Each structure stands twice: as C-alpha cells, then as structure tokens.
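[1] have a look at this fold, sequence not included:
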C-alpha cells in the first residue's frame with residue numbers, strides 16, 4: 001500500500017505589489033512546512049473550482065480580495081514527514097483590493113511584502129519546487 005493515503009490539491013497566490021511579493025511564515029503544530037516562508041495558499045475543497053478556492057483562501061488568510069488571477073504553473077509536492085502528497089497550482093495576482101491583515105494567527109506569524117529578487121529563507125517546499133521549474137517570481 002502507498003504510504004501516502006491520497007493526493008491533495010492546493011492553490012498558491014503569488015501576489016505582487018510594487019515589485020514585491022506577499023509572503024508569511026507558516027506556524028502551528030502538525031502543519032507541513034511550519035517555520036518556512038510561503039505564499040498565501042490552501043487546499044481546494046470538494047466541488048470547489050481552483051480559482052474560487054484561491055479567492056477564498058487568500059481572503060481567509062489575508063483579508064485581500066483578488067482579481068484576475070493568472071495561472072502560471074504547477075508543482076508536485078511530497079511532505080515525507082507528514083506523509084502527504086500535494087499537486088499545487090500557482091496563480092499570479094497583480095490586481096487586488098482590501099486591507100492586508102493576518103486573519104489566521106494560529107497558522108501564520110504575519111504577512112509582509114518581500115523582495116522578489118531576494119526571497120527570505122527557509123522557503124516552503126512548494127515555493128522551492130516552483131523555483132526549480134525556473135519560474136521567475
């Protein structure tokens with residue numbers, strides 16, 4: 001039997017503002033990638049489209065309402081410690097509204113705009129895998 005019970009689908013928002021990208025440090029017990037820098041992201045729920053999941057996750061985490069997400073890539077991510085497998089979809093967002101806030105304080109230390117040319121470390125596995133595809137953030 002496969003050590004991964006089933007695959008999950010995730011969406012990731014690469015939100016750009018004035019040449020910087022929005023990232024936060026993940027936190028929480030049992031969360032994969034705790035203490036790493038990530039984009040706003042989350043799992044797609046049953047009967048939910050990728051873009052509706054993306055909009056929901058971004059709002060739930062940051063308070064921002066995104067407009068015109070552009071699909072830019074996919075990664076396949078294995079989290080061995082948690083025995084989880086994700087197929088992750090990435091979207092570039094340059095158009096959004098709302099006030100940035102940390103709405104899930106139990107899952108994220110806070111959001112900050114970081115240089116696209118010098119991303120903070122350590123990076124969440126999905127972000128590292130996206131960079132390996134030669135996508136330029």
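    Nice, I can see it. As the structure is a prediction and not an experimental result, all values here were calculated from the model.

[2] which strands or helices does the helix or strand in which residue 25 is found pack on?
    Per DSSP states H and E, residue 25 falls inside strand 20-26. Applying 3 or more C-beta pairs under 8 Å, 6 or more residues apart in numbering; DSSP states H and E, one finds that strand 20-26 contacts strand 7-17, strand 37-38, strand 108-115. Yep, even glycine has a C-beta here, placed from its N, CA and C like the rest.

[3] got phi/psi on residue 53?
    Residue 53 adopts backbone torsions of phi -60, psi -40, taken as degrees, to the nearest 10.

[4] can you tell me the closest non-neighbouring residue to it?
    Nearest non-adjacent residue to residue 53, counting by C-beta to C-beta, 6 or more residues apart in numbering: residue 44, 4.2 Å away.

[5] now do residue 39
    In space, and not counting its chain neighbours, residue 39 is closest to residue 12: 4.8 Å by C-beta to C-beta, 6+ apart.

[6] the one you found contacts residue 40, correct?
    Yes. Residue 12 lies in contact with residue 40 (C-beta atoms under 8 Å); the separation is 7.4 Å.

[7] where does the protein have low pLDDT?
    Low-confidence regions of the chain, defined by pLDDT under 70, span residues 1-5.

[8] ok, and the closest non-adjacent residue to the residue nearest the centre of it?
    The chain has residue 41 as the residue nearest its centroid, 3.0 Å off, counting by C-alpha atoms, centre = their mean. Residue nearest to residue 41 in three dimensions, not counting chain neighbours: residue 12, with 4.2 Å by C-beta to C-beta, 6+ apart.

[9] cool, and residue 91?
    Leaving out its chain neighbours, the residue that sits closest to residue 91 by C-beta to C-beta, 6+ apart is residue 69, at 3.9 Å.

[10] quick one, what contacts the residue nearest to residue 41?
    38-41, 88-91, 126-127, 130 (C-beta atoms under 8 Å, 6 or more residues apart in numbering).
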